[in-house]
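J.: any chance you can model this:
(chains A and B)
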Amino acid sequence: MDSVLLIYKGIYILVIFGISLLIATYSTYFERKIAAFIQDRVGPNRAGPMGLLQPLADAGKLFFKEEFIPAKANKMLFILGPGIAMLVAAMSSAVIPFGDTLILGETSFDLIAIDVNIGILYIFGVVSLGVYGLMIGGWASNNKFSLLGAIRAASQNISYELAMGLSLIAVLMLSGSLSLKVIAEQQTGFNWNIWYQPLGFLIFLICAFAETNRTPFDLPESEAELIGGYHTEYSSMKLGMYLFAEYINIFVVSAVMSTLYFGAYNFPFMENLRNAFDDPVLGNNVVTIIGVAVMFAKIFAFIFFFMWVRWTLPRFRYDQLMKLGWNILIPLAILNILLTGGGILLYEYFTNG
Amino acid sequence: MELLSNRSKNVAQKEMTLSERMYLPAIAQGLGITIKHFFKKKATINYPEETRQRSDVWRGLHVLKRDENGAERCTACGLCAVACPAEAITMTAGERKKGEEHLYREEKYAVTYEVNMLRCIFCGLCEEACPKAAIFLQDDKLAPARYEREEFIYGKDRLVEPLKTTETK
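T.: Numbers count the residues shown, from 1 in each chain, chains lettered A, B, ... in the order given. Next comes the predicted model:
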């Protein structure tokens, strides 16, 4: 029994790892395709049908490029930087519930790699480690522009993590649990958190853009001012790792947002569908499989939104970025906490008394 | 100061309203514009597979015409070479032998005829100069890009119109 579970967990972790890598790979393709479509072009269409092999061609190109290390760079840290960024990005999808439980024979399998009771804290901890990858890489390059990019990355991530955490507290007040699985289970059917936390979601969304270094908050890697920021000196697959880590982060943040606010694998009328089957096991499995598809649909919608915004908005100025983070988002997040607390008190007052 | 006309505009910076300071309505508007472009028809023409429709008077790649019997019209008079402002055309003339009447229309013909596509400015003066209606600039073909300079010197093998044989209709 235990060994079955162990093997299942091993396979599941590998599958999740593979899926996040695959999605990150094809994010680069869809990024270019969406950029092209928004600019009335057709985008990459030469490698394979509709250009679908373009990510492979890009990766192949990156592998064959010259591996350049600046002469006065700190060599160990220079190599460590992209490694940390990549490792941390790939680690964070471990606690995300991609589906409910599948029942095969006697055993039921949870579609979550590690069900820890502090899931969301784990994600926050791991994602904030990601900034070390950027900082180490930027500092070790021994280049002013890289260092500026690294400093920007660090200060931006710290500033926006505050507002992100504060907006999250309101969700935690509603759910009463830090476990992503519990938060997902509470949003059955159409009872999603977004209906209770529209302001919190907005703050979280803006902070998610800043955390993943996406436009309009891509100051750490702004091409125009910092010639690439922290990855100016990087070439070959080390550069690829940085870009790849960014796309994995987008995937993870999209998954977290759909779990926290958009009901994870829950979809409207899922209970009706479950009861429509005579066999409860079959009903459960069908609902779970549709739920996984729904979860990924939500994630893809968020990834599309990230790209859509990137090709709509210009970059913030640095003082505007800091002002938005500290003067607007943090007070708003605190206000949101107060409103949520008041709402909970009112609800309890009217239901109990 | 007295204004001479009332056309001057007040350019003072005005206070932003709350909705303007929130940015979000403007961002939503911008997202709406980009998503509209997302579904628009694309302006791209996939070049090697499809080409843009050219004008009827487009001056493209040269062709040496044949007459209705399939004999070459060119008599190597050299008027095109004289007319050419870029000096792109050279040729050597030869005399038609007995039994070659089906190949060349007149007694004199061009043994070699070369157009240097790097020199040519596609002005069409050779076409105007030709008394035998032998050289034309086609409206559907271009001199394609190549790697070597020598490949841009087009000889008779690439200039003369292919024979219309009865087998291939």
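J.: got the contact list for residue 103?
T.: Using chain A. Going by CB atoms under 8 Å, 6 or more residues apart in numbering or on different chains, A:Ile103 touches A:Phe109, A:Val281, A:Asn284, A:Asn285. (Each C-beta comes from the backbone N, C-alpha and C, glycine too.)
J.: switch to chain B, that's the one I care about
T.: Contacts of B:Leu103 (CB under 8 Å, 6+ apart): B:Ala71, B:Glu72, B:Arg96, B:Tyr109.
J.: other residues contacting whichever helix or strand the last one is part of?
T.: For B:Tyr109, the host element (DSSP states H and E) is strand B:108-116. Strand B:108-116 has contacts (CB under 8 Å, 6+ apart) with B:62, B:64, B:72, B:74-77, B:88-96, B:103, B:152-156, B:159.
J.: that one: which residues count as buried?
T.: Within strand B:108-116, the residues scored as buried using 16 or more other CB atoms under 10 Å in any protein chain shown are B:Tyr109, B:Ala110, B:Tyr113, B:Glu114, B:Val115, B:Asn116.
J.: mean confidence score for it?
T.: Taken as a whole, strand B:108-116 has an average pLDDT of 90.
J.: so for chain A, the centremost residue is which one?
T.: Nearest to the mean C-alpha position of chain A, by CA atoms, centre = their mean, lies A:Val253 at 1.7 Å.
J.: who's in contact with that residue?
T.: So A:Val253 contacts A:Val127, A:Ala208, A:Glu211, A:Thr212, A:Phe302 (CB under 8 Å, 6+ apart).
J.: again, 7 Å this time
T.: A:Ala208, A:Glu211, A:Thr212 (CB atoms under 7 Å, 6 or more residues apart in numbering or on different chains).
J.: same question, A:Tyr196
T.: Counted by CB under 7 Å, 6+ apart, A:Tyr196 has contacts A:Leu174.
J.: list phi and psi for it.
T.: phi -100, psi -20 (degrees, to the nearest 10).
J.: over to the one 4 residues further on?
T.: Summarising the backbone geometry of A:Gly200 under the convention degrees, to the nearest 10, its torsions are phi -60, psi -40.
J.: over to B:Leu103?
T.: When read as degrees, to the nearest 10, the backbone of B:Leu103 gives phi -90, psi -40.
J.: A:Val182 contacts A:Ser175, correct?
T.: Yes: contact criterion CB atoms under 7 Å: A:Val182 and A:Ser175 qualify, at 6.4 Å.
J.: the two - which one has more neighbours?
T.: A:Ser175 (19 against 15; other CB atoms under 10 Å in any protein chain shown).
J.: that one and A:Gln197: what is the separation?
T.: 11 Å (CB to CB, to the nearest Å).
J.: repeat that for A:Ala163.
T.: In terms of CB to CB, A:Ala163 sits 14 Å off from A:Gln197.
J.: and what of A:Asn285?
T.: 31 Å.
J.: among the contacts of strand B:108-116, which lie within strands?
T.: B:His62, B:Leu64, B:Ile89, B:Thr90, B:Met91, B:Thr92, B:Ala93, B:Gly94, B:Glu95, B:Ile153, B:Tyr154 (DSSP state E).
J.: and these, which of them are buried?
T.: Using 16+ other CB under 10 Å, the buried ones in the ones in strands among the contacts of strand B:108-116 are B:His62, B:Leu64, B:Ile89, B:Met91, B:Ile153, B:Tyr154.
J.: residues contacting the fifth one?
T.: What that stands for is B:Ile153. B:Glu114, B:Asn116.
J.: bridged to it, which residues?
T.: Beta bridges link B:Ile153 to B:Asn116, judged by DSSP bridges.
J.: same check, this time on the third one
T.: Applying DSSP bridges to B:Ile89 yields these beta-bridge partners: B:Val115.
J.: wait, it touches B:Leu79, no?
T.: No: between B:Ile89 and B:Leu79 there is no contact under CB under 7 Å: 9.9 Å.
J.: ok, now which ones touch residue 95?
T.: With no chain named, the answer covers chain A. A:Ala113, A:Ile114, A:Val116, A:Gly119, A:Tyr122, A:Ile123, A:Leu180.
J.: if you could check chain B rather than the one you did, that'd help
T.: B:Glu107, B:Lys108.
J.: how close does it sit to A:Asp319?
T.: From B:Glu95 to A:Asp319 the distance is 86 Å (CB to CB).
J.: one step back: also compute the angle for the strand holding B:Tyr109 relative to strand B:89-95, please.
T.: Strand B:108-116 runs at 160 degrees relative to strand B:89-95, counting by axes from the mean of the first three to the mean of the last three CA atoms, to 10 degrees.
J.: what's the next helix or strand after strand B:108-116 packed up against?
T.: With elements assigned by DSSP H and E, the helix or strand that comes after strand B:108-116 is helix B:125-129. Contacts defined by 3 or more CB pairs under 7 Å, 6 or more residues apart in numbering or on different chains; DSSP states H and E place helix B:125-129 against helix B:79-83, strand B:135-137.
J.: gap between helix B:125-129 and the chain center?
T.: Centre-to-centre, helix B:125-129 and its host chain are 17 Å apart (CA atoms, centre = their mean, to the nearest Å).
J.: same check, this time on stretch A:327-345
T.: 24 Å.
J.: and if you look at stretch A:4-23?
T.: With CA atoms, centre = their mean, you get 18 Å for stretch A:4-23.
J.: got the CA positions of that stretch in PDB?
T.: As requested, the backbone C-alpha atoms of stretch A:4-23 are provided in PDB (Å, rounded to 0.1, in the frame of the first residue of the first chain):
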ATOM      1  CA  VAL A   4       2.000   2.000  -4.300                       C
ATOM      2  CA  LEU A   5       1.500   5.500  -2.900                       C
ATOM      3  CA  LEU A   6       5.300   6.200  -3.100                       C
ATOM      4  CA  ILE A   7       5.500   5.100  -6.700                       C
ATOM      5  CA  TYR A   8       2.400   7.100  -7.500                       C
ATOM      6  CA  LYS A   9       3.900  10.200  -5.900                       C
ATOM      7  CA  GLY A  10       7.100   9.700  -7.800                       C
ATOM      8  CA  ILE A  11       5.300   9.400 -11.100                       C
ATOM      9  CA  TYR A  12       3.000  12.300 -10.300                       C
ATOM     10  CA  ILE A  13       5.900  14.600  -9.400                       C
ATOM     11  CA  LEU A  14       7.700  13.800 -12.600                       C
ATOM     12  CA  VAL A  15       4.500  14.400 -14.600                       C
ATOM     13  CA  ILE A  16       3.900  17.800 -13.000                       C
ATOM     14  CA  PHE A  17       7.600  18.700 -13.500                       C
ATOM     15  CA  GLY A  18       7.300  17.700 -17.200                       C
ATOM     16  CA  ILE A  19       4.000  19.600 -17.600                       C
ATOM     17  CA  SER A  20       5.400  22.800 -16.100                       C
ATOM     18  CA  LEU A  21       8.500  22.500 -18.400                       C
ATOM     19  CA  LEU A  22       6.300  21.900 -21.400                       C
ATOM     20  CA  ILE A  23       4.000  24.800 -20.600                       C
END
